[in-house]
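Peer 1: Pasted the sequence and its predicted model underneath.
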Amino acid sequence: MKLHLKVAALCCLAVSNGIPMFAQAPAADTYKSQCAPCHGDDGSGNTPVGKMLKAASFKNPTIVKTPDPALIKIIKGGKDKMPSFAGKLTDDQIKGVLAYVRVLQK
């Protein structure tokens, strides 16, 4: 009984903070495996590889203001030293990763 209350409390907390806890899990896993090596767990680009490649910080105001369709195009096609993820990630995975990036920007 106590465990159920704790789980319910955590879910309420996550939802009240605007974080869809269970929906984000697959996207977070994809982000961590495909994006974090360069962009970092926090999206800052502050990793050894990220520094070497000059990976963008997702908190950069230009990226924050960039509309989702434009970012999806970059994820699919690559940009500068960022590789293309077309054929590596499904459209749903790309949308999920982008939603996760938007959470990191807050």
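Peer 2: Cool, got the structure.
Peer 1: roughly how far apart are residue 39 and residue 28?
Peer 2: Plainly put, residue 39 is 13 Å away from residue 28 if you go by C-beta to C-beta, to the nearest Å. The way it works is simple: take the backbone N, C-alpha and C, and place the C-beta from them, glycine included.
Peer 1: One more: residue 47?
Peer 2: Going from residue 47 to residue 28 by C-beta to C-beta gives 17 Å.
Peer 1: same question, residue 61
Peer 2: Shown here: residue 61 relative to residue 28, a distance of 24 Å by C-beta to C-beta.
Peer 1: neighbour count winner among the two?
Peer 2: residue 28 (18 against 9; other C-beta atoms under 10 Å).
Peer 1: quick one: low-confidence parts of this structure?
Peer 2: Counting by pLDDT under 70, the chain shows low-confidence ranges at 1-24.
Peer 1: Now do the strands in this structure.
Peer 2: Remark: no strands are assigned in the chain by DSSP state E.
Peer 1: the helices in this structure, which residues?
Peer 2: Secondary structure of the chain by DSSP state H: the helices cover 2-16, 21-34, 36-39, 48-53, 61-65, 68-77, 91-104.
Peer 1: Give me whichever of those helices is most buried.
Peer 2: When these are scored by mean count of other C-beta atoms under 10 Å, the highest mean neighbour count falls to helix 36-39 (a mean of 19).
Peer 1: What lies in contact with it?
Peer 2: Contacts to helix 36-39, defined as C-beta atoms under 8 Å, 6 or more residues apart in numbering, come from residues 45, 47, 49-50, 53, 55-58, 82.
Peer 1: Report the buried members of these.
Peer 2: 45, 47, 50, 55-58, 82 (16 or more other C-beta atoms under 10 Å).
Peer 1: So which of the residues you listed is the closest to residue 104?
Peer 2: Nearest to residue 104 out of these is residue 58 (C-beta to C-beta; 5.5 Å).
Peer 1: Just want to check the distance between the closest one and residue 98.
Peer 2: Counting by C-beta to C-beta, the gap from residue 58 to residue 98 is 10 Å.
Peer 1: what touches both of the two?
Peer 2: Here residue 58 and residue 98 share no contacting residue, scored by C-beta under 8 Å, 6+ apart.
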